[in-house]
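J.: Sequence and predicted structure are below.
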Amino acid sequence: MAEDQVTDFEVEEVDSPPPLDPEVAERRRVALQQVRQYGDPVLRTKARPVEVFDDELRAEVARMGGLMHDSLGIGLAATQVGVLHRVLVYRVEPDAPVNALVNPVIEFSSDDEEWAEEGCLSLPSVHVEVERPMFVRVRAQDEQGNEVLIEASGLEARVIQHEVDHLDGVLILDRTPKDQRKEAMRALREALDAA
Ligand code: ZN
C-alpha cells in the first residue's frame, strides 16, 4: 500500500475504491456503529494507564481486534470504543496477527518527519495530511503484561502515533494545516448529518 493512501485507519479508501462485497460492507457498517464518532466527548478524553492484566483486559483487546478487522481499519484505540484505557491495536499487513499495545510510551521519535494522508474511523469522510516522525521506539506491555519494545518505521510508526494520539484525546484534525482542517470539518459535518 502506498504511504500516501494511509488512513485509521481504513485501508480501502483510495481514489476509486472497488465496491465492497455486500457481506463485508454490512459487517463494516455494524462494526462502525460501535466506534465512537466525532462529537463524542470520550474522543477528547485522556485514557488512564492499565494496572490490572486480567481476562477482562484480554477480552477488551480481542473485541477491539475484531472491530478493527470488521471495520477494515489498520488501527484502533480503546477510547474509540468508549473505554478509557491506554490500549491500542493495529495491524499493517492484512493477514498478520493483531498487535496489541498496553500503556504504550513513545520513548524516541526521529527528527526526520514525513507527510502522508490519514483518515480515522471516528471521522467519517475526513482525509487530511499529517506530518509525523518516520521512526519511533515504543515501550509498552502486551495484554499478558509482558514488556514489549517496538522499533517502527513508515506505516507502522504512523499508525502507532495516530493511536497514541487518540489515547491523549488528540485527533488528526489537530495536526493538519488549517486549510485542510476547514475543508475536513465541512466534509465531516455533512457525513455526520447524513448518518
Ligand atoms: Zn483515528
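T.: Noted; the coordinates are in hand.
J.: I would like the residues contacting stretch 139-158, please.
T.: Residues from elsewhere that reach stretch 139-158, judged by C-beta atoms under 8 Å, 6 or more residues apart in numbering: 1, 3, 6, 50, 53, 57-58, 61, 74, 90, 92, 99-105, 107, 116, 118, 132-138, 160. Using the backbone N, CA and C atoms, a C-beta is placed for each residue, glycine as well.
J.: what about Glu46, neighbour count?
T.: That one is not Glu; residue 46 is Lys. When neighbours are defined as other C-beta atoms under 10 Å, Lys46 has 11 of them.
J.: And it, how far from the ion?
T.: According to C-beta to the ion, to the nearest Å, Lys46 stands 15 Å off from the ion.
J.: That residue and His166 touch, don't they?
T.: No. Counting by C-beta atoms under 8 Å, Lys46 stays clear of His166, with 10.1 Å between them.
J.: Could you confirm whether stretch 73-92 reaches the ion?
T.: No. Taking C-beta under 5 Å from the ion as the criterion, stretch 73-92 and the ion are apart, separated by no less than 6.5 Å.
J.: For that stretch, which residues meet the burial criterion?
T.: Neighbour counts using 16 or more other C-beta atoms under 10 Å place 73-81, 83, 85-92 of stretch 73-92 among the buried residues.
J.: Could you list the low-pLDDT ranges of this structure?
T.: 1-17 (pLDDT under 70).
J.: what do you get if the cut-off is 90, keeping everything else the same?
T.: The chain contains residues with pLDDT under 90 at 1-20, 94-96, 194-195.
J.: returning to what we had before: can you tell me which of the buried residues of stretch 73-92 end up in strands?
T.: Within the buried residues of stretch 73-92, residues falling in strands by DSSP state E are Gly75, Leu76, Ala77, Val87, Leu88, Val89, Tyr90.
J.: From one end of stretch 147-163 to the other, what's the distance?
T.: Stretch 147-163 has an end-to-end distance of 19 Å (C-alpha to C-alpha, to the nearest Å).
J.: Sketch out the strands for the chain, chain order is fine.
T.: Secondary structure of the chain (DSSP E): strands at 75-77, 87-90, 99-109, 113-120, 123-133, 135-141, 147-153.
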